[in-house]
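**Q** based on what follows, work out the 3D shape:
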Amino acid sequence: MSQSSQQITANDEKNNQDNSEEATTASENNNDEQTTNQDDEAKLIDQLKKSITIFIKSIRFSIVLLWTNAPKSTAFVVIVLLLQSLIPAITVGIQKQVVDTVASLVPGGDYDWRIIAILVLLWVAALFLDNFLSPWVNIAFMKLSDQLMASLNLKLIDKANSFADINNFENPEFYDELEMLQGSIGHEPIILLRGFSNSLKILITLTTMLALLFTVDWWIPLLILLTYLPQTYASLKLESGIWQAIFHKSPQARRMKYYSGLMLTDTYAKEVRLFGLNSLFSQRYLEAFEDRHQLIHNLQSKQALILSALGILSVFGNAFCFCWVILQALAGKLTPGSILLLIQSLGYVQSNINQLLQLFTNIQRSILFMKLFFKFMDSQPIMPICIPGQPTPKPIKS
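**A** Predicted coordinates:
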């Protein structure tokens, strides 16, 4: 009996020791997960800082190029964008004053028609100015985009021609980056320029709309911003992962272009048909396509799901503000113009924040493109030139 009791005690001690080891292992795993999450957050913050640095450098570099090549068009676009960004807040403020003025009138009583006429004329003038300037600023912007694309392309060509050897071109990583630059230089600088101009316009409009909401009550713009912060953070984080996946799958994109070129150009048309290689190259093209796009599609689906879920939070914030303003108006604490101001301002804020998130997505890709561009411009030739060169005589003497 005593021996059995000792055996039971030993088993209990062993079980307690196993449970303690399992608890220790679980605690270590939790600590590792927390450390990993903290490292991911630190990497994301560091990446955002680097992105902001590259963005500022890219904008400064682009503005200097544009101001050098087309100073008048650059100044015109900047001034018009500032005016257009202020027009929405001006029109909303005028509409509020019109509604409050009309609501304060007594039916059948006297009223000063000049005040209403002035407000209506100001509202019409603001709309006319916006519609009149839009075609001209689009033309000027297209001119600036062409200037920027040509300037960056020439700098890229001059840098490539400065290499005395071809060792860099035989490096797969270098060639993948050059392939991305060649494929994106026709549109990424334009996206960056348009994204910067539209972001500046949206930020000014958003600031003025939040200032109008502040006149209703101070906590309304703060609540709107807080409900949109998680969506903004998640969008930036997920888009960074998508671009990294695109860059990681750059060799597959180059293979797709190579296989397509083999079957669609006259250079290899004879050999492809002579040896019956159509099915082989088509299969290789599909394999490269599926390998590249399956990963990107999964990441984009994850991004859409998360952003849709976080978008519900902003809907609740807008609904709460709207209900609160209606209750205050029914209690006589707010005017009908305040309700109109809230409805239109919330519409502008939601629309501008969604546009800003999309622009951040496009700008982030353009920032990574400009990062590759600056890296290429800073690259040095592998083979040093030891022999001093001499200019070719003109005319060449035999």
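**Q** where does residue 380 sit, in terms of helix or strand?
**A** Using DSSP states H and E, residue 380 sits in no helix or strand.
**Q** torsion angles phi and psi at it?
**A** Main-chain torsions, residue 380, degrees, to the nearest 10: phi -120, psi 150.
**Q** ok, it to residue 174 distance?
**A** Noted for residue 380: a distance of 12 Å to residue 174, by CB to CB, to the nearest Å. Where C-beta positions appear, they are placed from N, C-alpha and C, glycine not excepted.
**Q** the two: which is more packed in?
**A** In terms of neighbours (other CB atoms under 10 Å), residue 174 is the more surrounded of residue 380 and residue 174; the figures are 16 against 8.
**Q** and the helix or strand hosting residue 202, what does it pack against?
**A** Under DSSP H and E, the secondary-structure element containing residue 202 is helix 188-216. Helices and strands touching helix 188-216, by 3 or more CB pairs under 8 Å, 6 or more residues apart in numbering; DSSP states H and E, are helix 2-69, helix 71-103, helix 113-161, helix 219-248, helix 336-378.
**Q** could you rerun that using 6 Å?
**A** Counting contacts by 3 or more CB pairs under 6 Å, 6 or more residues apart in numbering; DSSP states H and E, helix 188-216 packs against helix 71-103, helix 113-161, helix 219-248, helix 336-378.
**Q** what's the angle from the longest one to helix 188-216?
**A** The one in question is helix 113-161. Angle, helix 113-161 to helix 188-216, by axes from the mean of the first three to the mean of the last three CA atoms, to 10 degrees: 150 degrees.
**Q** that older thread, the helix holding residue 202 to helix 336-378, inter-axis angle?
**A** Going by the same axes, to 10 degrees, helix 188-216 makes 150 degrees with helix 336-378.
**Q** so where's the stretch 51-200 of the chain shaky on pLDDT?
**A** Along the stretch 51-200 of the chain, segments meeting pLDDT under 70 span 106-111.
**Q** pull up the gap between residue 273 and residue 283, please.
**A** As judged by CB to CB, residue 273 and residue 283 stand 17 Å apart.
**Q** residue 333 now?
**A** 71 Å.
**Q** again, but for residue 276
**A** Distance from residue 276 to residue 283, by CB to CB: 13 Å.
**Q** out of these two, which sits in the busier spot?
**A** residue 283 (11 against 8).
**Q** how much space between that one and residue 267?
**A** 21 Å.
**Q** then residue 156?
**A** With CB to CB as the criterion, residue 156 and residue 267 are 25 Å apart.
**Q** ok, residue 175 next?
**A** 20 Å.
**Q** those two: which is more packed in?
**A** For residue 175 and residue 267, the more surrounded residue by other CB under 10 Å is residue 175, and the numbers stand at 15 against 9.
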